[in-house]
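Participant: below: sequence and its predicted model.
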Amino acid sequence: MAQPLQQVSLSGMGFQGLNTELSPINSTSEFALVADNFVIDEVGRLAAREAFADLYPAMETQANSFVDITAMSAWYGGSIEDPLPVAVCCTSEYKDTIRSKIDRQFSEALNISKRETDATKSFAYSLVWVNAGEMQAATHPDIDTTALDTAVFVHFKEELLLFSKGNPPIKYDGSGGFTKISAMPDYTSPDIDGVDELNGDVACSAYGRLWVSGVNNDYQTIYYSSLLREDKWYDPDLDTGFNDGGLINVQEYWPVEGDYIVNIHAHNGFLFVFGRRSILIYANASKGDPANDASGFGLQDAISNVGLIERDAICNTGTDILFVDNTGLRSIGRTIQEKSNPVAEASLNVTTDFVRAAVKEMQSASVIKGVKLSYEPTRSIAICLFRSTDTAYVFSTTNPSGTGGLKVTFWSECSFNCMYHAENAVGGEFWLGGTESKGILEYKGYKSVDAYTIRWESSVVKQTQADQQTVIPRSIIYMLNSDPVAASCYSLWGFGARMAYRREFALNVIGSTEWNVAEYAIDEYSGGDRSVWRNKINTMGSGEFMRVGLEVDVSGFFIGLQDIAVNYSTGRIVA
């Protein structure tokens, strides 16, 4: 027979973020099994992510109107007051192919477009900048635009440089023009083994120098410029005036045979050379001439079996370097400390799914693909984007979760290819390179170009004892922190792996509007204030391992999870 009504409160549900590694039966409600399009907000609560909002509308060229922004940076013009985007865009048209994807309930197929090139169309890129609030584009006569798919922007002094595979590096002039570095009057080329242009696609600006690899497709050599000079490189003839540019050959120093340079990064006085399966660490990179023995510059350490999966899958948080390895999201600090697979890696809570997504991305047949990692310091989040599937894992860098891994959520419907944090006088702007003619977007506010869906699913909130075989839910009470909008919400509940039940309700913005304050016989209308609203949903069904969830279509308003309570009774099957 049924037992008296009981209640379980899920205070703090999902506050530890997503965890797909723990058993759903034994894990705490502080972890979520699904946390789609959420972030961990400033008070540690699961809240809807902000919008991908219009910043600069899509540009339409004469040839076509389909534009994907694939690389992006900012032109500061000597001041951070008003940064302006400078970007690379793909101007080829695509055909949409449809692939089926089964939703989380394995019940219905979702049609998702996959961007592929149309063989009958040209496939090229353009250089893009913003002028008078509008995006403009042009090509450069000395640049093979079909090779700009590997383009990377580098800030050096007050200059903005662009490197790409097979192309000479070019410099932006601030008004829509680009000039070759080799056209500068004092340019000194390396002039070694036929190297005249620094045509590599691995480039780093650090310690007053440029560090470049991939020149003539050589990913074993690093060329570095003379101090504070982008136009002077290694010169075998030392009689041509001051020039302390040089080169480093790393081929003999890899701890793993056959490795090659994927990226170069600077942090805390060190130069990190990331290979695909190992890392070389050079000390004293900031001290004087690297070729001078007195500077102390040299190889300090080499770490094997840890590497960088792709060039752009790396970011600097200011206190650490995060990067994507075959085993997940890694921290360079932890990697150096342990020199092996770390015990507490950043993606510990989602490792299996994260690694699977990274491998799938690397094997994708999509034209615009790859793993991009970027840090947004004003919100303390690191976003790892998988471009071909428009999905991302978002890691909160403020405090780790109870397992030691970073708190993480999952984003879907990511309508951007690249990310850039542009500093300004009030902290910064986080720009997104839009897909499918969306132009340049900004991660800000809640007025989105497209509506998006947040979805949260708990771990098991109530399971039966040996003599009580079923849980019978009676109602679910949602306490939601939200703007006063009567939004359409969906209460979810079920037993075991599936959310078998779904009931729509409108967000109740009338009544109890103050958290933890009860007012007798008084109904309050919110006006324009954000507050906590109580919504009670009657439920049905029975089972052994009860789970609950919430789904909301977000368009122009904030919503976050404050508290959830489940009223239930238990029963016993009588033979």
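Facilitator: Thanks, I have it.
Participant: these two touch, right, I143 and I170?
Facilitator: Yes - when contacts are counted by CB atoms under 8 Å, I143 is listed as touching I170 (6.7 Å). Every C-beta, even on glycine, is put in place using the N, C-alpha and C of the backbone.
Participant: got any ranges where the stretch 451-575 of the chain has weak pLDDT?
Facilitator: 464-468, 510-528, 572-575 (pLDDT under 70).
Participant: now the strands for it?
Facilitator: In the stretch 451-575 of the chain, the strands defined using DSSP state E, counting those that start in this stretch lie at 452-458, 462-463, 470-482, 488-495, 498-506, 510-511, 524-525, 531-538, 545-554, 559-571.
Participant: okay, these in a markdown table with mean neighbour count next?
Facilitator: Converted to a markdown table, the strands of the stretch 451-575 of the chain look like this (neighbours: other CB atoms under 10 Å):
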| stretch | mean neighbour count |
| --- | --- |
| strand 452-458 | 22 |
| strand 462-463 | 18 |
| strand 470-482 | 20 |
| strand 488-495 | 21 |
| strand 498-506 | 15 |
| strand 510-511 | 14 |
| strand 524-525 | 12 |
| strand 531-538 | 18 |
| strand 545-554 | 22 |
| strand 559-571 | 20 |
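Participant: rebuild those as CSV, extending it with distance to N417.
Facilitator: Formatted as CSV, the strands of the stretch 451-575 of the chain follow (distance: least, CB to CB, whole Å):
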stretch, distance to N417
strand 452-458, 17
strand 462-463, 43
strand 470-482, 31
strand 488-495, 30
strand 498-506, 32
strand 510-511, 43
strand 524-525, 43
strand 531-538, 37
strand 545-554, 22
strand 559-571, 27
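Participant: quick revisit: which one of I143 and I170 has more residues nearby?
Facilitator: Each of I143 and I170 has its neighbours counted (other CB atoms under 10 Å); I170 has more, 23 against 20.
Participant: what sits against the more buried one?
Facilitator: By CB atoms under 8 Å, 6 or more residues apart in numbering, the contact set of I170 is 140, 142-143, 161-162, 178-181.
Participant: got it, and F505?
Facilitator: By CB under 8 Å, 6+ apart, the neighbours of F505 are 489-491, 535, 537.
Participant: that one pairs with what?
Facilitator: Taking DSSP bridges as the rule, F505 bridges to C489.
Participant: follow-up on the earlier one: of all the strands of the stretch 451-575 of the chain, which lies closest to T397?
Facilitator: With CB to CB, the closest approach to T397 among these belongs to strand 559-571: 19.5 Å.
Participant: any idea of the angle that closest one forms with strand 470-482?
Facilitator: Strand 559-571 runs at 160 degrees relative to strand 470-482, counting by axes from the mean of the first three to the mean of the last three CA atoms, to 10 degrees.
Participant: so which elements touch strand 559-571?
Facilitator: Secondary-structure packing of strand 559-571 (3 or more CB pairs under 8 Å, 6 or more residues apart in numbering; DSSP states H and E): strand 6-9, strand 46-48, strand 452-458, strand 470-482, strand 545-554.
Participant: ok, 7 Å please
Facilitator: When contacts are defined as 3 or more CB pairs under 7 Å, 6 or more residues apart in numbering; DSSP states H and E, strand 559-571 sits against strand 6-9, strand 46-48, strand 470-482, strand 545-554.
Participant: centre of the chain to the second one, how far?
Facilitator: Just to be clear, that refers to strand 46-48. 17 Å (CA atoms, centre = their mean, to the nearest Å).
Participant: could you pull up the mean pLDDT of that strand?
Facilitator: Across strand 46-48, pLDDT averages out at 94.
Participant: all numbers from here: first residue = 9
Facilitator: Renumbered: residue one is now 9, and that last one reads strand 54-56.
Participant: so what touches it?
Facilitator: 22-23, 43, 45-49, 462, 464, 562, 566-569 (CB atoms under 7 Å, 6 or more residues apart in numbering).
Participant: recalculate using a threshold of 8 Å.
Facilitator: Contacts to strand 54-56, defined as CB under 8 Å, 6+ apart, come from residues 21-23, 25, 40, 43, 45-49, 417, 454, 462, 464, 489, 560, 562, 566-569.
Participant: after it, next one along is what?
Facilitator: Using DSSP states H and E, the helix or strand that follows strand 54-56 towards the C-terminus is strand 60-64.
Participant: equivalent analysis for the first one, please.
Facilitator: On the C-terminal side of strand 14-17, the nearest following helix or strand under DSSP H and E is strand 40-44.
Participant: return the mean pLDDT over that following strand, rounded to an integer.
Facilitator: Mean predicted lDDT for strand 40-44 stands at 93.
Participant: which strands or helices does it pack on?
Facilitator: On a contact count with 3+ CB pairs under 8 Å, 6+ apart, strand 40-44 meets strand 414-419, strand 460-466.
Participant: could you dump these to CSV with distance to A79?
Facilitator: Shown next, in CSV, are those (distance: least, CB to CB, whole Å):
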stretch, distance to A79
strand 414-419, 20
strand 460-466, 25
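Participant: ok so, going back, pull the most distant pair out of the contacts of F513.
Facilitator: Y498 and N543 (11.4 Å).
Participant: doesn't A400 belong to a helix?
Facilitator: No - assigned with DSSP: H, G, I helix; E, B strand; the rest coil, A400 falls outside any helix and is strand.
Participant: and it, bridged to which residues?
Facilitator: Using DSSP bridges, the bridge partners assigned to A400 are L393, W419.
Participant: what number of residues are in the vicinity of it?
Facilitator: Neighbours around A400, by other CB under 10 Å: 26.
Participant: can you pull the contacts of it?
Facilitator: 391-394, 418-419, 422 are the contacts of A400 under CB under 8 Å, 6+ apart.
Participant: the residue nearest to F250 when sequence neighbours are not counted and V16: what is the separation?
Facilitator: Among residues not flanking F250 along the chain, S234 sits closest, at 7.4 Å (CB to CB, 6 or more residues apart in numbering). Going from S234 to V16 by CB to CB, to the nearest Å gives 67 Å.
Participant: comparing the two, which residue is more hemmed in?
Facilitator: Neighbour tally, S234 and V16, criterion other CB under 10 Å: the higher count belongs to S234, 22 against 15.
Participant: how about the more buried one, what does it touch?
Facilitator: Contacts for S234 (CB under 8 Å, 6+ apart) come out as 217, 240-241, 250-253.
Participant: cool, and T28?
Facilitator: 41, 357-358, 360-361 are the contacts of T28 under CB under 8 Å, 6+ apart.
Participant: switch the cut-off to 10 Å
Facilitator: 39-43, 357-362, 416, 418 (CB atoms under 10 Å, 6 or more residues apart in numbering).
Participant: narrow those to those that are buried.
Facilitator: Neighbour-count burial (16 or more other CB atoms under 10 Å) is assigned, among the contacts of T28, to 39-43, 357-359, 361-362, 416, 418.
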